[in-house]
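> model the following, please.
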Amino acid sequence: MLRLIYRDLFIYQKRNLVVLPGFALLFVFFSQEFGYAGMGLTIIMISVYALVMTAYTSFAYDETNKFNRFLRSAPIPSSTIILSRYASCVFSSIMGVVYVVIFFALANVAAVYNPALQRDMTISLEVLLVWITMIAFVCAFLMPILFKFGYMKTKYPLMLLVIAVPASGPIILSSPNMNQGLTAALSAISGKNGYILIFILSLLAFLGSAALSITIFKRKEEL
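Reported below is the predicted structural model:
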């Protein structure tokens, strides 16, 4: 499994390992625009970006090099292959967070000479739970789709989805009924108990997603 993770992170992603720090630095630069939640939102954004970047890059290389056929014929358990891809995406997200923390720290050091660079590095338990929850839900949604349909068939629909979701935000929030429903939902999960409940649900979704991906992969082996 470790060799498969190393392949995804350091062989397939040679260019992305340069891009990821660049985006982390960009997010840190604009983090002040997010106010008191600056570091938390920056961590969440870079985590989701890194996860999707690793998933897409890995699946694209596998399809281009026909590596999936080799994996299906190799004496490697399907669960090992699937879990290594999930682990690669999670580790990539963690790498993005490490870059963000480093750049936040460097900005605070440089703030001695330029106070405008000062960044608040406070992280609460709620932020950590939301961070892990986002990684789990995004991974749970994305991975089975990629294992089922592959990179080439999904890259454009998923790209449109990524664009459509943020773009539809103002429309949804402008609707009184939707706004009231969203407010009620946020009120229901407010507080640590609510965050913990969503956190547990995200982990269950993550585990269920991994089991589904293993089933999909095994069915393809039989074809």
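
> show me what contacts the most centrally placed residue in the chain?
For the chain, V48 is the residue whose C-alpha lies nearest the centre (C-alpha atoms, centre = their mean; 2.8 Å). By C-beta atoms under 8 Å, 6 or more residues apart in numbering, the residues touching V48 are 93, 134-135, 138. Yep, even glycine has a C-beta here, placed from its N, CA and C like the rest.

> and if we set it to 6 Å?
Residues near V48 by C-beta atoms under 6 Å, 6 or more residues apart in numbering: V138.

> element containing it?
Per DSSP states H and E: V48 is located in helix 38-64.

> buried residues in that helix?
For helix 38-64, the neighbour count (16 or more other C-beta atoms under 10 Å) marks 38-62 as buried.

> please state the offset of that helix from the chain centre?
5 Å (C-alpha atoms, centre = their mean, to the nearest Å).

> the helices in this structure, which residues?
2-6, 16-29, 38-64, 67-73, 78-110, 125-174, 176-188, 192-222 (DSSP state H).

> out of the ones you listed, deepest packed?
Most buried of the helices of the chain, by mean neighbour count (mean count of other C-beta atoms under 10 Å): helix 38-64, with a mean of 21.

> one step back: quick one, the helix holding V48 and helix 78-110 angle?
Here the directions of helix 38-64 and helix 78-110 differ by 140 degrees (axes from the mean of the first three to the mean of the last three C-alpha atoms, to 10 degrees).

> hmm, back to that, distance check, the residue nearest to the centre of the chain against R219.
Taking C-beta to C-beta, to the nearest Å as the measure, V48 falls 29 Å from R219.

> ok, now A116?
For A116 relative to R219 (C-beta to C-beta), the value is 56 Å.

> also L71?
L71 sits 14 Å away from R219 when distances are taken as C-beta to C-beta.

> now F103: closest residue in space, sequence neighbours ignored.
V28 (4.3 Å; C-beta to C-beta, 6 or more residues apart in numbering).

> tell me the spacing between the one you found and V98.
Going from V28 to V98 by C-beta to C-beta gives 12 Å.

> same deal with L26?
Here L26 is placed at a distance of 16 Å from V98 (C-beta to C-beta).

> so where's this structure uncertain?
Of all residues in the chain, those with pLDDT under 70 make up the ranges 33-37, 72, 74, 161-194, 221-223.

> correct me, but F137 touches S202?
Yes. Using C-beta atoms under 6 Å, F137 is in contact with S202, at 5.1 Å.

> ok so, going back, what's the angle between the helix holding V48 and helix 16-29?
Calculated by the same axes, to 10 degrees, helix 38-64 forms an angle of 160 degrees with helix 16-29.

> quick one: helix 38-64 to helix 125-174, angle?
If you take the same axes, to 10 degrees, helix 38-64 sits at 80 degrees to helix 125-174.

> phi, psi of the residue sitting furthest away from the middle of the chain?
No residue in the chain sits farther from the centre than Y113, which is 34.5 Å out by C-alpha atoms, centre = their mean. With angles defined as degrees, to the nearest 10, Y113 sits at phi -100, psi -30.

> ok, now how distant is it from I94?
Relative to I94, and taking C-beta to C-beta, Y113 is found at 31 Å.

> now do P75
To I94, P75 is 30 Å away according to C-beta to C-beta.

> swap in A140?
A140 sits 17 Å away from I94, going by C-beta to C-beta.

> quick one: T54 and S92 touch, right?
Yes. T54 is within contact range of S92, at 3.9 Å (criterion: C-beta under 6 Å).
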